[in-house]
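Visitor: sequence and computational prediction follow.
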Amino acid sequence: MTAEYKVHDEVAIITLNNPPVNGLGYSTRKAIADGIDQATADASVKAIVITGAGKAFSGGADINEFGKDSAFREPNLHGVISVIENADKPVVAAIHSIVMGGGLELALACHYRVVAAGTKVALPEVKLGLLPGAGGTQRLPRVIGVEAALNMIVSGETVPAEVLASLPGQKLFDEVVDEPGRVVEAAVAFARSVDDVRPLPKVRDLPARHPQGEAFFQFARNTVGAMVKHLPAPLKCLEAVEAATRLRFDEGLAKERELFLNLMWTPESRALRHLFFAERAASKIDDVPADTPQRKIGRVGVIGAGTMGGGIAMNFLNAGIPVTILETRQEALDRGVGVIRKNYEDRIKKGKLKQDKYEKTIALLSTTLDYADLKDVDLVIEAVFEEIGVKEQVFKKLDEVIKPGAILASNTSTLDLNKIASFTQRPQDVVGLHFFSPANVMKLLEVVRGEKTANDVLATVMALAKKIKKVAVVAGVTDGFIGNRMIEQYSRQAGFLIDEGATPQQVDKAIEKFGFAMGPFRMGDLAGNDIGWAIRKRRAVEKPGLRYSRTADLLCEKGRFGQKTGAGWYDYAPGKRDPIVNQEVLEMIEQYRKDEGITPRKISDDEIVQRLVFSLVNEAAHILEEGFAQRASDVDIVYLYGYGFPFWRGGPMNYANEFGLFNVVEAMKRFARNPHDDVDFWQPAPLLARLVAEGKQFK
């Protein structure tokens, strides 16, 4: 049973029991409706209380039903809400912990609501590209006011119950209980006190008005439209709330349903729902059981106090885990700690961090110049220069001093983790933890699994990633792992495009218009063009047949390494990041074309986007085929959280599915006919070719 029924003191108590958040799946919905019927038929029952077992009243829809027929089986949520609302005995919601989405819509159907202090309240459907579809847009404005309701629904953010209870004239909560453990007891007492009130109050009968009416909604439309250009759901949420103020309740409900169904089939909503499930799937490792024992992580060591090392340390400090940073020189330590302190102080100035919290956090940080001071850490993360010889020195030293059973991690972004592990006598304890810069901000963490990495090491770091608020994806040992192996092909295509006639700014603008946070040339300037230069030099030795545009090397030979030198593909004013077109760079590109005998042609934005995005897709298909990524959705997570791929497109693999894999391959055939492109690269990866032949998609 996913809902329990019992009678206490002439009050029927229906307790939702569908862990972890009492999702409103079919069996739960049916049990609620059956409980209401049973209570209605029992003459000894005077009132009804609905609550949730465990750590939630209800988190809304049951995610296990997403996309399944059971989600639409009767009674659906609308039907259950109707049964509650039309019950002839008082129905009181005893709300605690979490009430979100359909759970809040269920509570709004009750005649009264008693809430525990500290309860988190939200209608988060907009984050899935949807709007509340069971009356949320029609009922919430009637109990907390139009403006407050619109803010909640359009943002999807969580609001504490106390904040909502303090709103003037609010009718959402009839009572706030200071002791969460007493909320059911309080609701039962409240139900007994109103058992003879008639007619029973219904939220639907309350007015929904805004004093500025049309002017308010026009202002809101302009504001929301400017903030969410690529997402249809926020403006549809606004339209639904406006309907609550203009139409009769049933008409508003019908409008809400129409808008909900329209959004359900938009590519943006499909992409956001794909992301929702992809993020949950990424945390699972196919051959590592969920109950694998984990190692205790009480203290962390970080080797290197540079930009990466400092950012990595902040993640653990923020989670309340003590950190010791090691450097070879005191000046480097002082500089690194100074940057960490400044980052926190900036947050204090912006009102995002309180002084006392900062003092407690920074007290967890210690520094050292001696490896011996790391002997008792449970996890040590190396964040030193990306050169195998440097890594070798560090890991041999760590192997000598770190206690047995501790995890040794490398932040390498491209180097062979198996080779790094071989520098120790304990390769089973070695794992890659590839943070993305700035490490204290970016959510992605690539967990690199070596040939000998132990299962309990993987289970531990995946759980730790959640603790430090990262989204972790497991990658195998291949050059560049998932993200950087793919970005190399993307960067090669960017180079070929300017060889053939595009300018860096045209390429950047085209892909940014598609939705990327930053184009490839601006990205190169931010990361440092010398980094790519070093990789190409290594490639010349390892893969002498791999072709690149020479323009990036010519740029580096001029010392134009990017923002750090004030000059790269673009110029940069001191202290600013805005790119300024440089005529010398454009002349350098033109001269290169002449030297190579290339006649420039006009290249469309569509071709730019397709060549860049489909290069990611084809390389990812190779990575999946070779077993270096578990699933296509993991690739999407890497690109959404680590490389600025637009969220509303769901990642490169989801976008390819939406575009149609047959169409992707047809475009690749066109690119393969281009004499200035890489013909061999555009041969479809075996997995991609097989999926097209079978009429299937990436999963």
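Guide: Everything's here; your move. Residues are numbered from 1 along each chain as shown.
Visitor: outline the domain layout of the protein.
Guide: When the chain is parsed into structural domains using automatic domain parsing, the resulting residue ranges are 3-264, 300-475, 483-521+533-559+588-694.
Visitor: redo those as TSV? Include mean neighbour count, mean pLDDT and distance to Tyr572.
Guide: In short, each C-beta sits where N, CA and C put it, glycine included. Conversion of the domains of the chain to TSV gives the following (neighbours: other CB atoms under 10 Å; pLDDT from 0 to 100; distance: least, CB to CB, whole Å):
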stretch	mean neighbour count	mean pLDDT	distance to Tyr572
domain 3-264	19	95	26
domain 300-475	19	96	18
domain 483-521+533-559+588-694	19	96	13
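Visitor: okay, those domains in CSV with distance to Asp291 next?
Guide: Rendered in CSV, the data for the domains of the chain read as follows (distance: least, CB to CB, whole Å):
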stretch, distance to Asp291
domain 3-264, 16
domain 300-475, 9
domain 483-521+533-559+588-694, 19
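Visitor: what's the closest of the ones you listed to Ala281?
Guide: Closest to Ala281 of the domains of the chain is domain 483-521+533-559+588-694 (CB to CB; 5.6 Å).
Visitor: helices of the stretch 551-699 of the chain, start to end?
Guide: Secondary structure of the stretch 551-699 of the chain (DSSP state H, counting those that start in this stretch): helices located at 551-557, 583-596, 605-625, 632-642, 652-659, 661-672, 686-694.
Visitor: residues contacting the first one, please?
Guide: The set of residues external to helix 551-557 that reach it, using CB atoms under 8 Å, 6 or more residues apart in numbering, is 495, 498-499, 524, 529-530, 532-533, 536, 568-569, 585, 588-589, 592.
Visitor: of all those, which two lie farthest apart?
Guide: Asp499 and Asp530 (20.8 Å).
Visitor: now Lys354: how far from Asp479?
Guide: Distance check for Lys354 against Asp479: by CB to CB, to the nearest Å, it reads 44 Å.
Visitor: with Ile14 instead?
Guide: Counting by CB to CB, the gap from Ile14 to Asp479 is 57 Å.
Visitor: Lys284 now?
Guide: In this structure, Lys284 and Asp479 are 25 Å apart, going by CB to CB.
Visitor: likewise Val288?
Guide: When CB to CB is the yardstick, Val288 and Asp479 sit 24 Å from each other.
Visitor: repeat that for Gln591.
Guide: Computed with CB to CB, the distance linking Gln591 and Asp479 is 32 Å.
Visitor: would you map the helices across the stretch 1-150 of the chain?
Guide: Listed in chain order (using DSSP H, counting those that start in this stretch), the helices of the stretch 1-150 of the chain are 26-41, 77-85, 102-109, 136-144, 146-155.
Visitor: since we're on the nearest residue to Lys284 once chain neighbours are set aside, how many residues are nearby?
Guide: Nearest non-adjacent residue to Lys284, counting by CB to CB, 6 or more residues apart in numbering: Ala290, 7.5 Å away. For Ala290, the count of nearby residues is 8 (other CB atoms under 10 Å).
Visitor: quick check, Pro207 in a helix?
Guide: No. When the secondary structure is assigned by DSSP: H, G, I helix; E, B strand; the rest coil, Pro207 falls in coil instead of a helix.
Visitor: what's near enough to touch the closest residue to it other than its chain neighbours?
Guide: For Pro207, ignoring the flanking residues on the chain, the nearest one in space by CB to CB, 6+ apart is Arg142 at 6.9 Å. Arg142 is in contact with 171, 203-204, 206-208, 244, counting by CB under 8 Å, 6+ apart.
Visitor: can you give me the distance of Arg142 to Ala87?
Guide: In this view, Arg142 and Ala87 are 19 Å apart by CB to CB.
Visitor: repeat for Ala31
Guide: Where Ala87 is concerned, Ala31 sits at a distance of 15 Å (CB to CB).
Visitor: same check, this time on Ala454
Guide: Remark: distance between Ala454 and Ala87 (CB to CB) = 56 Å.
Visitor: equivalent analysis for Ser97, please.
Guide: Counting by CB to CB, the gap from Ser97 to Ala87 is 24 Å.
Visitor: ok so, going back, could the contacts of Arg142 be laid out in a markdown table, adding distance to Gln294?
Guide: Rendered in a markdown table, the data for these read as follows (distance: CB to CB, whole Å):
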| residue | distance to Gln294 |
| --- | --- |
| Lys171 | 47 |
| Val203 | 46 |
| Arg204 | 49 |
| Leu206 | 50 |
| Pro207 | 54 |
| Ala208 | 50 |
| Ala244 | 48 |
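Visitor: what's the closest of those residues to Leu333?
Guide: Lys171 (57.8 Å).
Visitor: ok, now which ones touch that closest one?
Guide: Contacts of Lys171 were listed using CB under 8 Å, 6+ apart, and they are 142-144, 203, 206.
Visitor: and Arg449, by the same measure?
Guide: 431-432, 458, 474-477.
Visitor: among those, which ones are in helices?
Guide: Among the contacts of Arg449, the subset assigned to helices under DSSP state H consists of Leu458.
Visitor: which one of the contacts of Arg449 is nearest to Ser615?
Guide: Using CB to CB, the shortest approach to Ser615 within these belongs to Ala475, at 18.7 Å.
Visitor: how about the closest one, nearest residue that isn't a chain neighbour?
Guide: Counting by CB to CB, 6+ apart, Ala475 lies nearest to Phe481, which is 4.1 Å off, once chain neighbours are set aside.
Visitor: likewise for Gly405?
Guide: Leaving out its chain neighbours, the residue that sits closest to Gly405 by CB to CB, 6+ apart is Arg295, at 6.6 Å.
Visitor: out of the contacts of Arg142, which is nearest to Gln138?
Guide: Distance to Gln138 across the contacts of Arg142 (CB to CB) is lowest for Ala244, with 4.7 Å.
Visitor: contacts for the strand or helix carrying that closest one?
Guide: For Ala244, the enclosing helix or strand under DSSP states H and E is helix 233-246. Residues outside helix 233-246 that contact it (CB under 8 Å, 6+ apart) are 125-126, 129-132, 137-138, 141-142, 146, 149-150, 153-154, 208-210, 213, 217, 220-221, 224-225, 227-228, 251-252, 255-256, 259, 262-263, 266, 268-269.
Visitor: hey, C-alpha coordinates of the helix or strand following it in PDB?
Guide: Downstream of helix 233-246, the first helix or strand assigned by DSSP H and E is helix 249-264. Once non-C-alpha atoms are left out, helix 249-264 reads as follows in PDB (Å, rounded to 0.1, in the frame of the first residue of the first chain):
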ATOM      1  CA  PHE A 249     -12.400  29.100 -12.200                       C
ATOM      2  CA  ASP A 250     -13.400  26.200 -14.500                       C
ATOM      3  CA  GLU A 251     -12.500  28.200 -17.600                       C
ATOM      4  CA  GLY A 252      -9.100  29.100 -16.000                       C
ATOM      5  CA  LEU A 253      -8.500  25.400 -15.200                       C
ATOM      6  CA  ALA A 254      -9.300  24.400 -18.800                       C
ATOM      7  CA  LYS A 255      -6.800  27.100 -20.000                       C
ATOM      8  CA  GLU A 256      -4.100  25.800 -17.700                       C
ATOM      9  CA  ARG A 257      -4.700  22.300 -19.000                       C
ATOM     10  CA  GLU A 258      -4.400  23.500 -22.600                       C
ATOM     11  CA  LEU A 259      -1.200  25.300 -22.000                       C
ATOM     12  CA  PHE A 260       0.200  22.300 -20.000                       C
ATOM     13  CA  LEU A 261      -0.400  19.900 -22.900                       C
ATOM     14  CA  ASN A 262       1.100  22.300 -25.400                       C
ATOM     15  CA  LEU A 263       4.200  22.700 -23.400                       C
ATOM     16  CA  MET A 264       4.500  18.900 -22.900                       C
END
